[in-house]
Structure formats: C-alpha cells, structure tokens
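A.B. asks: dropping the sequence and predicted coords here.
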Amino acid sequence: MSSTNLTAAVKGELRAIVGTSMPLRAIELSSLLRFAGGLHTISGRIAVEVELDNQDLATRVRRDISEIYGPVSYTHLRAHETGRNL
C-alpha cells in the first residue's frame, strides 16, 4: 500500500470517529494534523494549515482547534488541485 493510500485510509478512519471527551478529541485532532496539516509562521504568528477532502471533517477540525486551544481561526475553502497543467 502506498503512503498516499495509507494517509487516505487513516483520514477515513479518523473521519468516522467522533470523540466525546476532551482528551480523546485532542488525540484525534493531533492525528489529523499529523496526516493532513502543517505549521507555518506568518508575520510572527503561527498558522496551522490543514488540507482535507471533506467539508464536514474540515468544519470539525476548525471547531476542535477553537474549543480545545481557544484561538480565533479562519477557514479558506479551495477547489481540489490536481497538479496537472491544462
């Protein structure tokens, strides 16, 4: 199994699980960020970038970041990029 397929499989499993306790939600969030996210510094502030292919999961990640860690977050929805020149 390629790493791309493994990543998709893990994201699918994490999407199916909805934690109820705060520690479980934090673990799920950290797993999703590990497979779909990255940290960047922009103008001296930390930015978390997460690329997901499911709007419901993206909404859940945004909500969990806000409820667990408290910062203001902004979302930007983009169309899927294939990486091909047309």
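C.D. replies: That came through, no problem.
A.B. asks: just the pLDDT at the residue most central in space within the chain, thanks.
C.D. replies: Residue closest to the average C-alpha location in the chain (C-alpha atoms, centre = their mean): Val50, at 4.2 Å. Looking at Val50, its pLDDT is 84.
A.B. asks: can you name the residues that contact it?
C.D. replies: By C-beta atoms under 8 Å, 6 or more residues apart in numbering, the contact list for Val50 reads 32-33, 36-38, 58, 61. Just so you know, the C-beta spots here come from the backbone N, C-alpha and C atoms, and that holds for glycine as well.
A.B. asks: could you rerun that using 7 Å?
C.D. replies: Going by C-beta atoms under 7 Å, 6 or more residues apart in numbering, Val50 touches 33, 36-37, 61.
A.B. asks: tell me the phi and psi of it?
C.D. replies: phi -130, psi 130 (degrees, to the nearest 10).
A.B. asks: pLDDT wise, what is the nearest residue to it once chain neighbours are set aside at?
C.D. replies: Spatial nearest neighbour of Val50, chain neighbours left out: Gly37 (4.1 Å); criterion: C-beta to C-beta, 6 or more residues apart in numbering. Listed pLDDT for Gly37 reads 80.
A.B. asks: surely Gly37 and Ala47 touch.
C.D. replies: No: checked against C-beta atoms under 7 Å, the pair Gly37 and Ala47 is beyond contact range at 10.2 Å.
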